[in-house]
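Trainee: Let's see this in three dimensions:
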Amino acid sequence: HQSGGEIINYDDKNILLSVGDYRRRFHAQDLQSVNGKIIRINLKDQNHKIISMGHRNPQGIYYDKEDEYVLISEQGPQGGDEINLIEVDNIDNNSEVLNFGWPVVSAGEHYGGKSEHNIERYKKYPLHKSHSKFGFIEPLKSFVPSVALTTILKIANKNYIIASLKDKSLYSFKLNNDNKIIDLNRIEIFERIRDIVYKNNNLYLFLEDTASIGIINIKDL
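Mentor: Model prediction:
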């Protein structure tokens, strides 16, 4: 139900939690709701702060302490899966909530496209194709058609792996000095990948269809 739900450690007193829109699109642009948001939760006093908004179904978060940013993998509608980036300075020192645009903008379409069934939906949620033109943050990457992104992990300096469900593949990519994606590569796994863990040069894949664990040595990619 587009619930998001990734949780990671941020520092000695805070965690970051992704929350999807739960198929209530309007919540993603409503600061009175935590749906469609990335939130920081203080485990000491239980207070929370909304870090970013305008998310549909953020499935993965990775905090890169060395490069001081957070990467988010997000499932779009019919197309429009995104990789997004939030700099740590915007988490710790910026009072303004960052806005990634859903459901006003997206590279994807509502399910069924611009059919008669969706006329009213597009009036409410137009899914414009330029984020920046409408005052929102552009994703690092949009996937059309959808691949159903899940977990995102770091495997080396500015080198990352991201898993997919629908596409049954892994994607590796690098970020350059301007934090733009370079060297995006697809590695077909032939099965839906719900989660991945990286340890001792091995990727451990939770494969959903067979309920099994796959192991890939990074040197083999």
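Trainee: What about the nearest residue to Ser142 once chain neighbours are set aside, how many residues nearby?
Mentor: Closest residue in space to Ser142, ignoring its immediate chain neighbours: Ala107 at 3.7 Å, by C-beta to C-beta, 6 or more residues apart in numbering. Placement of C-beta: from N, CA and C, glycine included. Ala107: 21 surrounding residues under other C-beta atoms under 10 Å.
Trainee: give me the element Ala107 is part of.
Mentor: Assigned by DSSP states H and E, Ala107 falls within no helix or strand.
Trainee: Is it in contact with Val144, as I believe?
Mentor: Yes. With contact defined as C-beta atoms under 8 Å, Ala107 counts as touching Val144 (5.3 Å).
Trainee: quick one: Asp67 from Lys49, how far?
Mentor: Asp67 is 22 Å from Lys49, where distance means C-beta to C-beta, to the nearest Å.
Trainee: actually Gly20, sorry about that
Mentor: Separation of Gly20 from Lys49 (C-beta to C-beta): 18 Å.
Trainee: who's more crowded, the two?
Mentor: Gly20 (24 against 15).
Trainee: Dig out what the spatially most central residue of the chain forms beta bridges with.
Mentor: Taking C-alpha atoms, centre = their mean, the centroid of the chain lies closest to Ser73, which sits 2.0 Å from it. Assessed by DSSP bridges, Ser73 has beta-bridge partners Gly60, Ile83.
Trainee: Check the residue lying closest to Glu188 once chain neighbours are set aside and give its pLDDT.
Mentor: Distances taken as C-beta to C-beta, 6+ apart put Ser169 closest to Glu188, at 5.0 Å, once the chain neighbours are dropped. With respect to pLDDT, Ser169 has a value of 97.
Trainee: cool, and Tyr63?
Mentor: Tyr63 is given a pLDDT of 97.
Trainee: What of Ser172?
Mentor: In this model, Ser172 carries a pLDDT of 97.
Trainee: Residue numbering should commence at 295 henceforth.
Mentor: Sure thing, new numbering starts at 295, so read that last one as Ser466.
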